[in-house]
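1. show me the folded form of this:
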Amino acid sequence: MEFHTELPDFSGRCRLFPLPNLVLFPHVILPLHIFEPRYRQMTSDALDGDQLVTMVQIRPTAAGVAGTEPVPIMDVACVGKIVRHERLPDGRFNILLLGCKRVRLLEETPSSKLYRIARARLMEDQEWPEAPESRRTELVALALDLLRSDGKPDAELSQLLQSDLPLGMLADIIAHALELPPFVKQSLLDEVRVEVRVGYLLSILRRMCGPGACSRPYPPPVSLN
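-> Next comes the predicted model:
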């Protein structure tokens, strides 16, 4: 079944699902198990309406500082659409969420719901119409090298990366597939200029997959010296 990521009827109202260390990108599928009462309510409301849930990363706090509700969140998030769901007998859900569009969160709005709601605007990619083909070739080659070094990718992902996807979409899928730190993924989500996003991702992949470096994490471990 083909999934569509366009949101022609987006109201600007986002049901927020804040999670730590997790970034959802457009065009990828995220499996989620929903068990907290507030997010069960959110999922039920989404299924009864537009099927939309907005994933947003919790903003890191200083070391030793305990988080308090409402937790601080990033300014850029990703609206996702529930494309599969299973409602369990005890009220929990298993869902598949398709990343659709970047959004900039403008303000949270008062609500009687258990979950948080915000007003947001869509962020569209600024395309790179004359992107050199060498950028695509290098991006795919480095990504496949890294994924293979981690025991990935499967045949379907390999075929997808080597197809004629738009460059911005390709960068998002690679960013999702690779084991990158959450702050790096957030920086890639924040960037709508495809030329800049691809350049940033390439610089990361070159460092990760330089001579003898394909198995090294990014960023490299802090030296104890």
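2. from residue 147, how far off is the residue most central in space within the chain?
-> What sits nearest the mean C-alpha location of the chain, by C-alpha atoms, centre = their mean, is residue 24, with 1.9 Å. Look at residue 24 and residue 147: by C-beta to C-beta, to the nearest Å, they are 19 Å apart. All C-beta atoms are positioned from the backbone trio N, CA, C, and that covers glycine.
3. now for the lowest-mean-pLDDT helix or strand in the chain, which elements pack on it?
-> The least trusted helix or strand in the chain, going by mean pLDDT, DSSP states H and E, turns out to be helix 155-161, with a mean of 85. Under the contact definition 3 or more C-beta pairs under 8 Å, 6 or more residues apart in numbering; DSSP states H and E, helix 155-161 sits against helix 133-149, helix 167-177.
4. mind listing what's buried in that helix?
-> By neighbour count on 16 or more other C-beta atoms under 10 Å, the buried set for helix 155-161 is 157, 158, 160, 161.
5. who's in contact with the last one?
-> Contacts were defined as C-beta atoms under 8 Å, 6 or more residues apart in numbering; by that measure residue 161 touches 140, 143, 144, 153, 170, 173, 174.
6. out of the residues you listed, which is nearest to residue 188?
-> residue 174 (9.3 Å; C-beta to C-beta).
7. what's around that closest one, how many residues?
-> 24 (other C-beta atoms under 10 Å).
8. same check, this time on residue 3
-> So residue 3, with other C-beta under 10 Å, has 13 neighbours.
9. that one reaches residue 83, doesn't it?
-> Yes - here residue 3 reaches residue 83: they are 5.6 Å apart, a contact under C-beta atoms under 8 Å.
10. give me the common contacts of the two.
-> Common neighbours of residue 3 and residue 83 (C-beta under 8 Å, 6+ apart) are 29, 98.
11. buried ones in stretch 178-191?
-> 178, 180, 182, 184, 185, 186, 187, 188, 189, 191.
12. closest to residue 8 among the residues you listed?
-> Using C-beta to C-beta, these come closest to residue 8 at residue 189, 21.9 Å.
13. roughly how far does the closest one sit from residue 177?
-> Look at residue 189 and residue 177: by C-beta to C-beta, they are 14 Å apart.
14. the domain parsing of the protein - what is it?
-> 13-123, 133-208 (automatic domain parsing).
15. output the longest strand belonging to the protein.
-> What stands out as the longest strand in the chain, according to DSSP state E, is strand 93-108.
16. apply the buried test to the contacts of residue 161 and list what passes.
-> Buried, going by 16+ other C-beta under 10 Å: 140, 143, 144, 153, 170, 173, 174, out of the contacts of residue 161.
17. how about the fifth one, what does it touch?
-> Counting by C-beta under 8 Å, 6+ apart, residue 170 makes contact with 136, 139, 140, 161.
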